[in-house]
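[1] mind folding the following:
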Amino acid sequence: MRKLISKNTLMFILMAVMMTVILVVSCSRKDNPLSFDPNNSNGTAATNLMGPGDIVISPAFGSKLTALDMPIYITFDRYLNPSSVNSTTITIKRITNTSEIPVEIEIQYMSGPHLAKITPSDFEFEDNSAFILTLTNGIEDPSGAPFDGNGNGVADSVQYDVYRSTFYTGTGNANLPDIISPLIDVNSIHPAEEASVLEMDSSQFWITVGFTASDIDTSLLTNSTIRIYDLGETNTGATDTAYVPNLLAVALKSGNSVTYRLRSAADTTKLFRGNRYQIEFIASAITDTSGNPLLWGNEVNDGSIASYNFGFIMEPFAGEDITPPDVANFYSSYIGESWLATIIFNENTLMDTTTFNNFNISFYDSNKTRLDGYYLKEIQDNWVVFYPRLRSVMPTYYFVATAVADTAGNMLDGNNNGIGGEPEDCETNLPPGP
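    The predicted structure follows:
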């Protein structure tokens, strides 16, 4: 007689089958966190690039290789694309007094420990020699994120995303090269970024740029190393960039810094209060005393930057007028046998009446038809009065262009944001539509 399977036994078998299916499916996935296979990842691009602080090189920077046949080891902090770890992305050169001689090397990359083992092709490194080990941004993780050689957190060009280390054999330490590039010390710059500058006297106004990390070649710091550009008035919204030539000259080279001053007292007339200025420090031709190129602290080095830029504002003295005007009032009046229209600008504002003309200020009737007439400009310092040629027509609407200015040169600030001369700074009461 056939034995029946109990309900509990049947339920146990069904649960076992289901667990087996789940395990099979789970183990077939590529996201196995215990796997040493770098391909078993989710393939998401890295949110942080691997930089010099994420690798360990043995021997350490500037250290001695204790045996000529001793390998060089580089331990990375993550999986890499094995094909990107090769003798093109990692190179070694032997340094002599006159040249850098490439060393033929063999590289073995082990994914599990994220380790690159480097040995010379002829089994031994040259005795009593100094070497440079170079890693480029051709080294990539499985998502394609490149090695961030300069450690600035950005994928730059191969020119900048390079990391170099040194080691030596025997007595080769005497030939160890200086490979540390100088940096612009952003904290040393005067005036600081977006600073307000009050000094106008040529003996007081100065610009200083300092350097760090290595000794700068001061012979390369010349009058041509720096340029200054006038970006226009801060209260007009001007966007023109005008180079101010022959303004600055080297005044002092002290240690690892350079100071520039105005070439003469007359040059104070080339700087205008209320204007914004940009300083361009031409860095592409500057090196340290060992010939290492100048780099930029806290800057993105994409291979196209040839200068370091920072800006400042020449602040007005107390009492100087940098407030832009705007329309305070408009009204039409019928006086005698004629209509007239009056526009009043800010109280206590001296307007430049040469900007009052039919190009900059216009009036319209109730049908939005532009009116012909003449302007009475100087009835008050901040008024303009318009008489229509057809005296019986009432001026209903007005339009004032941004070119209208006060006697200090401040242009109209129609949107009242404190910056005059912007495209949207015209003022009108014309209703929208045709």
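
[2] the lowest-mean-pLDDT helix or strand in the chain: what's the following helix or strand?
    Lowest by mean pLDDT, DSSP states H and E among the helices and strands of the chain is helix 7-28, with a mean of 46. Tracing the chain C-terminally past helix 7-28 and defining elements by DSSP states H and E, one meets strand 55-58 next.

[3] what's the helix or strand just after that next one in contact with?
    Next along the chain after strand 55-58, taking DSSP H and E as the criterion, comes strand 63-64. Outside strand 63-64, the residues that touch it by CB atoms under 8 Å, 6 or more residues apart in numbering are 167, 168, 169, 173. From N, CA and C alone the C-beta is placed, and that goes for glycine too.

[4] any chance of the residues you listed in JSON lines, with neighbour count, pLDDT and secondary structure too?
    Below are these laid out as JSON lines (neighbours: other CB atoms under 10 Å; pLDDT from 0 to 100; DSSP: H, G, I helix; E, B strand; the rest coil):
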{"residue": "167", "neighbour count": "25", "pLDDT": "97", "secondary structure": "strand"}
{"residue": "168", "neighbour count": "22", "pLDDT": "97", "secondary structure": "strand"}
{"residue": "169", "neighbour count": "21", "pLDDT": "97", "secondary structure": "coil"}
{"residue": "173", "neighbour count": "16", "pLDDT": "93", "secondary structure": "helix"}
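
[5] which member of these is positioned nearest residue 352?
    Ranked by distance to residue 352 (CB to CB), those are led by residue 167 at 71.2 Å.

[6] quick one, what contacts the closest residue to residue 146 other than its chain neighbours?
    Among residues not flanking residue 146 along the chain, residue 137 sits closest, at 4.1 Å (CB to CB, 6 or more residues apart in numbering). Remark: with contacts taken as CB under 8 Å, 6+ apart, residue 137 is in contact with 146, 147, 148, 149, 155, 156, 157, 158, 161, 162.

[7] tell me the secondary structure of residue 137, please.
    Of the three states, residue 137 takes coil under DSSP: H, G, I helix; E, B strand; the rest coil.

[8] and the contacts of residue 137, which is closest to residue 313?
    residue 156 (30.7 Å).

[9] pretty sure that closest one sits against residue 150.
    Yes. Between residue 156 and residue 150 there is a contact under CB atoms under 8 Å: 6.5 Å.

[10] so residue 272 is in which element?
    Going by DSSP H and E, residue 272 is not in any helix or strand.

[11] that one against residue 242, yeah?
    No. The criterion here is CB under 8 Å, and residue 272 misses it with residue 242 at 10.9 Å.

[12] what do these two both touch?
    Contacts common to residue 272 and residue 242, judged by CB under 8 Å, 6+ apart, are residue 230.

[13] show me which of those two is the more surrounded one.
    residue 272 (16 against 12; other CB atoms under 10 Å).

[14] ok, now how distant is the more buried one from residue 408?
    11 Å (CB to CB, to the nearest Å).

[15] helix/strand/coil for residue 267?
    Looking at residue 267 with three-state DSSP, the answer is helix.

[16] ok, it - how many residues close by?
    Residue 267 has 17 nearby residues by other CB under 10 Å.

[17] care to break the chain down by domain?
    The domain map for the chain lists 52-175, 183-314, 327-428, with the assignment taken from automatic domain parsing.

[18] where among the ones you listed is average confidence lowest?
    Mean pLDDT is lowest for domain 183-314 among the domains of the chain, at a mean of 76.

[19] helices of the stretch 301-434 of the chain, start to end?
    With DSSP state H, counting those that start in this stretch as the definition, the stretch 301-434 of the chain shows no helices.

[20] what segments of it are strands?
    Here the stretch 301-434 of the chain has its strands, by DSSP state E, counting those that start in this stretch, at 307-314, 327-335, 338-345, 361-364, 373-376, 383-388, 397-400, 427-428.

[21] to residue 185, which of the ones you listed lies closest?
    That would be strand 307-314 among the strands of the stretch 301-434 of the chain, by CB to CB, at 10.7 Å.

[22] what packs against that closest one?
    strand 195-197, strand 275-282 (3 or more CB pairs under 8 Å, 6 or more residues apart in numbering; DSSP states H and E).

[23] okay, buried residues for the shortest one please.
    Residues residue 197 are the ones in strand 195-197 that count as buried (16 or more other CB atoms under 10 Å).

[24] quick one: contacts for residue 279?
    Taking CB under 8 Å, 6+ apart as the test, what residue 279 contacts is 207, 226, 227, 228, 229, 309, 310, 311, 312.

[25] let's see that with 6 Å instead.
    By CB atoms under 6 Å, 6 or more residues apart in numbering, residue 279 lies in contact with 228, 310.

[26] do you know how far it is from residue 244?
    11 Å.

[27] also residue 356?
    Distance from residue 356 to residue 244, counting by CB to CB: 32 Å.

[28] ok, these two, which is more surrounded?
    Between residue 356 and residue 244, residue 356 has the larger neighbour count (other CB under 10 Å), namely 21 against 14.

[29] mind listing what the more buried one touches?
    Residue 356 touches 375, 377, 384, counting by CB under 6 Å, 6+ apart.

[30] again, but for residue 126
    Contacts of residue 126 (CB under 6 Å, 6+ apart): residue 94.

[31] torsion angles phi and psi at it?
    Backbone geometry at residue 126, expressed as degrees, to the nearest 10, gives phi -60, psi 140.

[32] go on, residue 83?
    According to degrees, to the nearest 10, residue 83 has phi -70, psi -20.
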